[in-house]
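Colleague: what would the 3D arrangement of this be:
(one chain, ligands or ions: 2)
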Amino acid sequence: MVMASDLYSRDDWPPGRVLVQAATYNERENIEHLIDAVLAASPDVQFLVVDDDSPDGTGRIALERAAREPRLHVLVRRGRRGLGSAILEGFELARARGFAVGVNMDADFSHDPADIPRLLVALDPPGGKPADVAIGSRRVGGGRTVGWPLSRHVASRLVGWFTRRVLGVPVRDASSGFRTVRLELLGRVAAADAAACPPGYAFFEYLLWAAHRAGARIVEIPITFTDRTRGASKADAAEVARSAAALLRLARITWLGM
Ligand SMILES: Nc1nc2c(ncn2[C@@H]2O[C@H](COP(=O)(O)OP(=O)(O)OP(=O)(O)O)[C@@H](O)[C@H]2O)c(=O)[nH]1
Ligand SMILES: [Mg+2]
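Modeller: Numbering: from 1, shown residues only. Ligands and ions are numbered 1, 2, ... in the order given. Okay, the predicted model is just below:
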């Protein structure tokens, strides 16, 4: 929910169908390049930055750009409220403004903006079956991860295994934050499932879990994920613990219905 104390770039969004968004927290080294790359990658999309009042001024930089760029929108929220909550808020804003499709990506260039058009085609393949979610996946043929230490591969595989085997969601790369979502799906996610929505990184697995339970069609297309070269990671030990607890809660609902 947008709060009165939040800063909001502009109210007159041009009408549109596809909104790309990136949640940011201390991404000063990346934000300007990212804005350029996203707007250039796809001339038809608009771009929303959801910043949690980054101490390094990321939100301010984005707001200054938005004053000159009608396809760029910025929401600066007061206080750090979490990656998942930022993504959900961005998608809900887009849906309320009549956008049909949301694309989420990280702001650190791990996700290549040039892949956006391919992800959009995967959602609505010409002559093919439309999907509700298209994941930019590191774990289908042709997908890969560049620059990660072994520990991150192991953690990511473990979460993938848990999501597939314990939560029953038939996808290979459940933790990927690069994805296209048909926004109408948000309204279809049952209220009981919405209550289990984690505000942090586990939102990625949660959304697929809730979408699958709502009967959504989920597809994966290969991407190359490249570890960040600028800025620092935000995923600390406390966040890992919170995400693990959130996944266990989803397992409880899956198996015990509570
Ligand atoms: N708005 C908001 N964005 C966040 C928050 N935490 C992380 N982010 C953003 O979410 C995206 C993913 O975070 P990263 O730090 O790249 O997480 P990661 O990809 O798992 O880890 P590294 O790439 O190793 O840094 C980035 O664009 C971050 O700036 C948060 O609390 N609020
Ligand atoms: Mg990253």
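
Colleague: give the rounded mean pLDDT of stretch 91-102.
Modeller: For stretch 91-102, the mean pLDDT works out to 96.

Colleague: start to end distance for it?
Modeller: Its start and end residues considered, stretch 91-102 measures 6 Å (Cα to Cα, to the nearest Å).

Colleague: would you mark the buried spots in that stretch?
Modeller: Across stretch 91-102, burial judged by 16 or more other Cβ atoms under 10 Å covers 91-95, 97, 99, 101-102. (Glycine included, C-beta is placed from N, CA and C.)

Colleague: that stretch vs ligand 1: in contact?
Modeller: No. Counting by Cβ under 6 Å from any ligand atom, ligand 1 has no neighbours in stretch 91-102; the shortest distance is 13.2 Å.

Colleague: from Arg252, how far off is Gly141?
Modeller: Separation of Gly141 from Arg252 (Cβ to Cβ, to the nearest Å): 34 Å.

Colleague: these two: which has the busier surroundings?
Modeller: Arg252 (12 against 8; other Cβ atoms under 10 Å).

Colleague: phi and psi next, for the closest residue to Val146 other than its chain neighbours.
Modeller: With Cβ to Cβ, 6 or more residues apart in numbering as the criterion, Val146 has its nearest non-adjacent residue at 4.6 Å, and that residue is Thr226. Backbone torsions of Thr226, given as degrees, to the nearest 10, read phi -120, psi 130.

Colleague: near ligand 1, which residues of this structure are found?
Modeller: Counting by Cβ under 6 Å from any ligand atom, the chain sits next to ligand 1 at 22-25, 27, 50-52, 80, 82-83, 86, 106-108, 110, 228, 233-235.
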